[in-house]
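>>> Let me see the structure of the following:
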Amino acid sequence: MAEIVSLADGVGRLVHDGDMVAMEGFTHLIPHAAGQEIIRQRRENLTLVRMTPDIIYDQLIGAGCARKLVFSWGGNPGVGSLHRFRDAVQNGWPVPLEIEEHSHAGMANRYVAGASGLPFAVLRGYAGTDLPKHTGTIKQITCPFTGERLAAVPALNPDVAVIHAQRADRAGNVQMWGLVGVQKEAVLASGRSLVTVEEVVDELEPVPGQVILPSWAVTCVAEVPHGAHPSYAQGYYERDNAYYEEWDSIGRKRDSFQEWVREKVFATGAEVKAK
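Predicted coordinates for the structure are as follows:
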């Protein structure tokens with residue numbers, strides 16, 4: 001049964017140094033507040049997993065939380081590059097970042113395999129690309145029935161998944177709707193899970209197209225209004241497009257990024273230093 005906790009307690013209990021952490025949400029319901037709490041608690045040496053690392057992971061990488069990124073696309077959507085991500089890969093600042101790149105289909109299938117208790121996933125993909133030359137977790141296999149050559153990728157089983165949703169009830173059953181990605185699969189594939197929600201309610205009213213994560217599948221739930229901002233939460237608030245545009249200038253330089261972390265995350269004057 002899921003336990004209702006504060007965001008700080010949830011991150012403190014579930015996210016540990018050295019963990020593989022999946023933070024999912026596709027354009028919608030991205031767990032930004034949880035990402036900033038991970039920075040605030042100064043987690044280190046994380047393997048970050050996300051199909052579309054955007055500014056949530058730019059912030060974590062720039063704060064020195066990550067040693068590796070497993071992903072299928074990275075950028076500031078609608079704006080341009082992720083400058084902290086680029087700085088870490090090209091210059092090792094604030095710490096060197098290892099990358100493991102897949103396709104969207106490959107990442108989604110890896111989550112499904114992990115959620116299904118399977119060791120790997122098989123798909124028609126990667127053909128004609130250079131990814132298998134650079135990513136050791138893409139292998140070619142032969143179908144034992146047809147002889148067709150297919151791609152195989154290992155299951156993803158993160159230590160902890162962190163997602164955002166619209167609602168949970170007091171028993172910890174989670175409800176989300178609208179544009180959803182692989183949040184359900186990420187939670188089911190992971191050893192532990194933290195779900196931040198807009199509100200905790202007495203009863204979940206049915207919503208068309210809803211996804212329900214039962215309490216038994218979730219470790220902790222934290223009520224965090226606007227926890228997806230600057231992304232959006234359908235039925236609660238819209239995407240803050242100006243924030244994404246402003247992030248380009250904030251993240252472009254180390255000094256402006258450090259100032260942002262001090263003022264918006266720590267609010268204590270603490271310095272984020274290169275290691």
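>>> All the helices of the chain, residue numbers only.
All helices of the chain, identified by DSSP state H, fall at 7-14, 32-40, 55-62, 83-91, 104-116, 131-134, 183-189, 241-252, 254-260.
>>> ok, and which of those helices has the densest surroundings?
helix 55-62 (a mean of 26; mean count of other C-beta atoms under 10 Å). In short, each C-beta sits where N, CA and C put it, glycine included.
>>> Quickly list the domain ranges of the chain.
3-52+157-265, 104-154 (automatic domain parsing).
>>> any idea of the pLDDT on residue 114?
Here, the pLDDT recorded for residue 114 equals 98.
>>> picking that back up, will you turn the domains of the chain into a markdown table that also has distance to residue 79?
Formatted as a markdown table, the domains of the chain follow (distance: least, C-beta to C-beta, whole Å):
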| stretch | distance to residue 79 |
| --- | --- |
| domain 3-52+157-265 | 5 |
| domain 104-154 | 20 |
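>>> from these, which stretch is densest packed?
Among these, ranked by average contacts under mean count of other C-beta under 10 Å, first place goes to domain 3-52+157-265 (a mean of 20).
>>> Just send the helices of the chain back as a markdown table, with distance to residue 76 too.
Shown next, in a markdown table, are the helices of the chain (distance: least, C-beta to C-beta, whole Å):
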| stretch | distance to residue 76 |
| --- | --- |
| helix 7-14 | 24 |
| helix 32-40 | 13 |
| helix 55-62 | 6 |
| helix 83-91 | 9 |
| helix 104-116 | 18 |
| helix 131-134 | 22 |
| helix 183-189 | 21 |
| helix 241-252 | 6 |
| helix 254-260 | 13 |
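>>> Those: which one's closest to residue 150?
Smallest distance to residue 150 across the helices of the chain (C-beta to C-beta): 11.1 Å, for helix 104-116.
>>> Give me the distance from the closest one to the chain's centre.
How far helix 104-116 lies from its chain's middle: 14 Å, per C-alpha atoms, centre = their mean, to the nearest Å.
>>> Output the contacting helices and strands for it.
strand 120-123, strand 149-154, helix 183-189 (3 or more C-beta pairs under 8 Å, 6 or more residues apart in numbering; DSSP states H and E).
>>> a markdown table for those, including mean pLDDT and distance to residue 254?
As requested, the helices and strands packed on helix 104-116 are exported to a markdown table (pLDDT from 0 to 100; distance: least, C-beta to C-beta, whole Å):
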| stretch | mean pLDDT | distance to residue 254 |
| --- | --- | --- |
| strand 120-123 | 98 | 38 |
| strand 149-154 | 98 | 35 |
| helix 183-189 | 98 | 31 |
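>>> Using TSV, lay out these together with distance to residue 263.
Formatted as TSV, those follow (distance: least, C-beta to C-beta, whole Å):
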stretch	distance to residue 263
strand 120-123	43
strand 149-154	40
helix 183-189	30
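>>> Which of these sits closest to residue 4?
Proximity to residue 4, assessed across the helices and strands packed on helix 104-116 by C-beta to C-beta, is greatest for helix 183-189 (16.3 Å).
>>> what's in contact with the closest one?
Identification of contacts with helix 183-189 by C-beta atoms under 8 Å, 6 or more residues apart in numbering yields 22, 24-25, 29, 108, 111-115, 155-158, 161, 163, 165, 176, 193, 195, 211, 213, 217-218.
>>> out of the helices of the chain, nearest to residue 205?
That would be helix 183-189 among these, by C-beta to C-beta, at 19.5 Å.
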